[in-house]
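Undergrad: turn this into a structure:
(one chain, ligands or ions: 2)
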Amino acid sequence: MSILLEEKQRAFAELREIKANLAARGWFPATSGNLSVRVGDFEPEQFTFAITSSGRDKSVQTPEDFLLVNEKGVATEATNLKPSAETLIHSEIYRLTGAGAIFHVHTIFNNLVSELYWERKSIPVDGVELIKAFNIWDEEAQIEIPILPNYAEIPRIAALVEDAIIPRIPGIVLRKHGIYAWGANAFEAKRHLEAFEFLFEYVYRSHLLNK
Ligand SMILES: CSCCC(=O)C(=O)COP(=O)(O)O
Ligand SMILES: [Zn+2]
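TA: Ligands and ions are numbered 1, 2, ... in the order given. The predicted model follows:
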């Protein structure tokens, strides 16, 4: 699949902007986190996406921050850059959802609630207005946000994604690790990520209040 230079530049510019925005909130501590945006045509078995390079300080902007990879996570252009260590999780989410963008961050609140609700394997949220950010408009909606184990081997986590995805919930949490939030495009993925983080803080604080 050939990607036009223009499409690549647009994707990198989008990632650069979202990276700076999320970094300003402190959502990439210690080089953690990764971001991707899909580029070009999509078929579940063949697609391309732009993703952050691995291990870099995501709070600084450099010419080496992003690269293009295919659905197997292999670079599609000659480069010395290494894609995110978690690229296979992005690939699997794209394959299964056809999303346009995926953002992954580690925060204190997503780590805390993933442990608090680990045995349940999902984080319950009841009747909070911001659930509407997921386009769920029922009054007093109740949702469950899935939690997966944080295995050291990324392919083992990727293999669990298919069974974990709940179609109306655009995110998955890894235990004591972080969240993957996605959307049809970068605007929607950011809205979803912000909603998840708001809800995690709400869930954690209400747990303390009810103790
Ligand atoms: C120091 S963070 C450990 C790896 C991780 O969870 C992460 O999100 C960043 O990995 P990447 O390879 O995308 O930099
Ligand atoms: Zn991570």
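Undergrad: low-confidence stretches in this structure?
TA: The chain contains residues with pLDDT under 70 at 1.
Undergrad: near ligand 1, which residues of it?
TA: Counting by CB under 6 Å from any ligand atom, the chain comes close to ligand 1 at 30, 31, 32, 33, 34, 52, 54, 55, 84, 85, 86, 104. For the C-beta atoms, the positions are set from N, CA and C on the backbone; glycine is no exception.
Undergrad: how about the fifth one, nearest residue that isn't a chain neighbour?
TA: With CB to CB, 6 or more residues apart in numbering as the criterion, residue 34 has its nearest non-adjacent residue at 3.8 Å, and that residue is residue 84.
Undergrad: helix or strand: which one has residue 191?
TA: In this structure, residue 191 sits in helix 186-209 according to DSSP states H and E.
Undergrad: which other helices and strands does that helix contact?
TA: Packing partners of helix 186-209 (3 or more CB pairs under 8 Å, 6 or more residues apart in numbering; DSSP states H and E): helix 5-24, strand 101-105, helix 108-116, strand 122-126, strand 171-174, strand 178-183.
Undergrad: scan this structure for its longest strand.
TA: strand 34-43 (DSSP state E).
Undergrad: which of the residues in the helix or strand that contains residue 95 are buried?
TA: Using DSSP H and E, residue 95 maps to helix 87-97. Residues of helix 87-97 classed as buried by neighbour count (16 or more other CB atoms under 10 Å): 87, 88, 89, 90, 91, 92, 93, 94, 95, 97.
Undergrad: deepest of the helices and strands packed on helix 186-209, which one?
TA: Burial of the helices and strands packed on helix 186-209 is given as mean neighbour count (mean count of other CB atoms under 10 Å); strand 101-105 ranks first at a mean of 27.
Undergrad: give the other helices and strands that that one contacts.
TA: Where contact means 3+ CB pairs under 8 Å, 6+ apart, strand 101-105 is packed against helix 5-24, strand 34-43, helix 87-97, strand 178-183, helix 186-209.
Undergrad: go again with 7 Å.
TA: strand 34-43, strand 178-183, helix 186-209 (3 or more CB pairs under 7 Å, 6 or more residues apart in numbering; DSSP states H and E).
Undergrad: could I get the CA-only coordinates of the first one as PDB?
TA: Written as PDB, here are the backbone C-alpha positions of strand 34-43 (Å, rounded to 0.1, in the frame of the first residue of the first chain):
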ATOM      1  CA  ASN A  34       2.600   5.900  22.800                       C
ATOM      2  CA  LEU A  35       0.400   7.400  20.100                       C
ATOM      3  CA  SER A  36      -0.700   6.300  16.700                       C
ATOM      4  CA  VAL A  37      -2.800   7.500  13.800                       C
ATOM      5  CA  ARG A  38      -3.900   5.300  10.900                       C
ATOM      6  CA  VAL A  39      -3.000   6.400   7.400                       C
ATOM      7  CA  GLY A  40      -4.400   5.500   4.000                       C
ATOM      8  CA  ASP A  41      -6.900   2.700   3.100                       C
ATOM      9  CA  PHE A  42      -8.000   0.100   5.600                       C
ATOM     10  CA  GLU A  43      -8.600  -3.600   5.300                       C
END
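Undergrad: just want the angle from that strand to helix 87-97.
TA: On the basis of axes from the mean of the first three to the mean of the last three CA atoms, to 10 degrees, strand 34-43 is oriented at 40 degrees to helix 87-97.
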